[in-house]
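Colleague: 3D, please:
(one chain, ligands or ions: 2)
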Amino acid sequence: MISIKNAAQLERMRQAGALLYEVMQKLREVVRPGETTAAIDAYAEELIRKEGALPSFLNYRGYPASICASVDDQVVHGIPTDKQPLQAGSILSIDCGLVLDGWQADSAFTVGVGEISPPLALLIEVTERCFFEGARQAISGNRVGDIGHAVQTLAERHGYGVIRDLTGHGIGRNMHEDPSVPNFGEPGRGARLRPGMTLALEPMISLGSWQVQEMQDGWTITTLDGSPCAHYEHTIAITEDGLPEILTLPGHTWQ
Ligand code: MF3
Ligand code: CO
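Modeller: Ligands and ions are numbered 1, 2, ... in the order given. Here you go, the predicted model:
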């Protein structure tokens, strides 16, 4: 069942989204060679709790941290570690969620560690553009398939692989709600979008193949062919008319 949020509920999700935006900005600043993802995780938890929110990932189905930190060929759900410091030339995806007064926000970005190669920089840039292409389709009356089709079209035009085994999702009181929002699809297919729906759109785009596997730790997802992968996610709200509001990017305006 897809839940529709009223104006008061949307306002609370806006508060959660704005707080997560602040956290993500601060996390971005501490990514550098030599830093550990465990330290970044501890910092994220501190930032979230300091504002009276809770880290939504921690203990979610037994997940042991407040962020997912996925390096290079790790797609998502990488567990923070103090064993392998970040190395220049790598790309790091940080995914984080919080719950504020019972309302969830979920967001992710990929960033280069030190200097990265031009192909990796382009992968990150195009993955972000994939999110915005998808979000542009997230308007009342459109369908879930319109979002996925837009993401897939841009990614595949660059020869990239669109991860299929993991999807975006509805979000609200729970981190994962209906509908599931794949990053591929057919225009005009799937659930119809309505004002007050809140969705986490999260393209996961590989430099090579879209196929993935799960590591021994039971969490980390990597590309099967070892290709680096980027991830970009925001929580959005479908509006009465026109383009969506990006709750985890306060102040964003469409042009
Ligand atoms: N942020 C992820 C998502 O978008 C969820 C992380 S799974 C967890 O669905 F276990 F780490 F919480
Ligand atoms: Co998500």
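Colleague: who's in contact with residue 165?
Modeller: Residues in contact with residue 165 (Cβ atoms under 8 Å, 6 or more residues apart in numbering) are 212, 221. For the C-beta atoms, the positions are set from N, CA and C on the backbone; glycine is no exception.
Colleague: hmm, residue 97 and residue 233 touching each other?
Modeller: No - with contacts defined as Cβ atoms under 8 Å, residue 233 does not count as touching residue 97, sitting 9.4 Å away.
Colleague: between the two, which contacts overlap?
Modeller: The contact sets of residue 233 and residue 97 overlap at 106, 107 (Cβ under 8 Å, 6+ apart).
Colleague: neighbour-wise, which of these two wins?
Modeller: Set residue 233 next to residue 97 and count neighbours by other Cβ atoms under 10 Å: residue 97 wins out with 29 against 25.
Colleague: neighbours around the residue in the stretch 151-255 of the chain that ligand 2 sits nearest to, how many?
Modeller: Residue nearest to ligand 2 within the stretch 151-255 of the chain: residue 200 (3.9 Å; Cβ to the ion). Residue 200 has 25 neighbours, counted by other Cβ under 10 Å.
Colleague: residue 25 too?
Modeller: 11.
Colleague: that one looks like it's in a strand, true?
Modeller: No - remark: residue 25 does not belong to a strand; assigned using DSSP: H, G, I helix; E, B strand; the rest coil, it is helix.
Colleague: mind listing what it touches?
Modeller: By Cβ under 8 Å, 6+ apart, no residues touch residue 25.
Colleague: for it, report the pLDDT, please.
Modeller: Looking at residue 25, its pLDDT reads 98.
Colleague: so residue 191 sits against residue 144, correct?
Modeller: Yes - judged on Cβ under 8 Å, residue 191 makes contact with residue 144 at a distance of 4.9 Å.
Colleague: what do these two both touch?
Modeller: Here residue 191 and residue 144 share the contacting residues residue 179, scored by Cβ under 8 Å, 6+ apart.
Colleague: these two: who's more crowded?
Modeller: Shown here are residue 191 and residue 144; by other Cβ under 10 Å, residue 144 has more neighbours (25 against 15).
Colleague: hmm, back to that, and the residue of the stretch 151-255 of the chain closest to ligand 2, what are its bridge partners?
Modeller: Assessed by DSSP bridges, residue 200 has beta-bridge partners residue 169, residue 235.
Colleague: ok, it touching residue 171?
Modeller: Yes - the criterion here is Cβ under 8 Å, and residue 200 meets it with residue 171 at 4.8 Å.
Colleague: what sits in contact with each of these two?
Modeller: 106, 235.
Colleague: quick check: residue 203 vs ligand 1, distance?
Modeller: For residue 203, the distance to ligand 1 equals 11 Å [Cβ to the nearest ligand atom, to the nearest Å].
Colleague: who's in contact with that residue?
Modeller: Applying Cβ under 8 Å, 6+ apart, we find residue 203 in contact with 127, 130, 131, 134, 151, 155, 162, 183, 231, 232, 233.
Colleague: so which of those belong to helices?
Modeller: 127, 130, 131, 134, 151, 155 (DSSP state H).
Colleague: now those as a markdown table including distance to residue 91?
Modeller: Listed next are those as a markdown table, based on distance: Cβ to Cβ, whole Å:
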| residue | distance to residue 91 |
| --- | --- |
| 127 | 10 |
| 130 | 15 |
| 131 | 16 |
| 134 | 21 |
| 151 | 19 |
| 155 | 16 |
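Colleague: tell me the one of those nearest residue 253?
Modeller: Using Cβ to Cβ, residue 131 comes nearest to residue 253 of the ones in helices among the contacts of residue 203, at 15.8 Å.
Colleague: right, and that closest one touches residue 199 too?
Modeller: No - Residue 131 lies out of contact with residue 199 (Cβ under 8 Å); the separation is 11.5 Å.
Colleague: ligand 1 contacts on the stretch 1-150 of the chain?
Modeller: Applying Cβ under 6 Å from any ligand atom, we find that the stretch 1-150 of the chain lies next to ligand 1 at 57, 60, 61, 63, 68, 77, 95, 97, 106.
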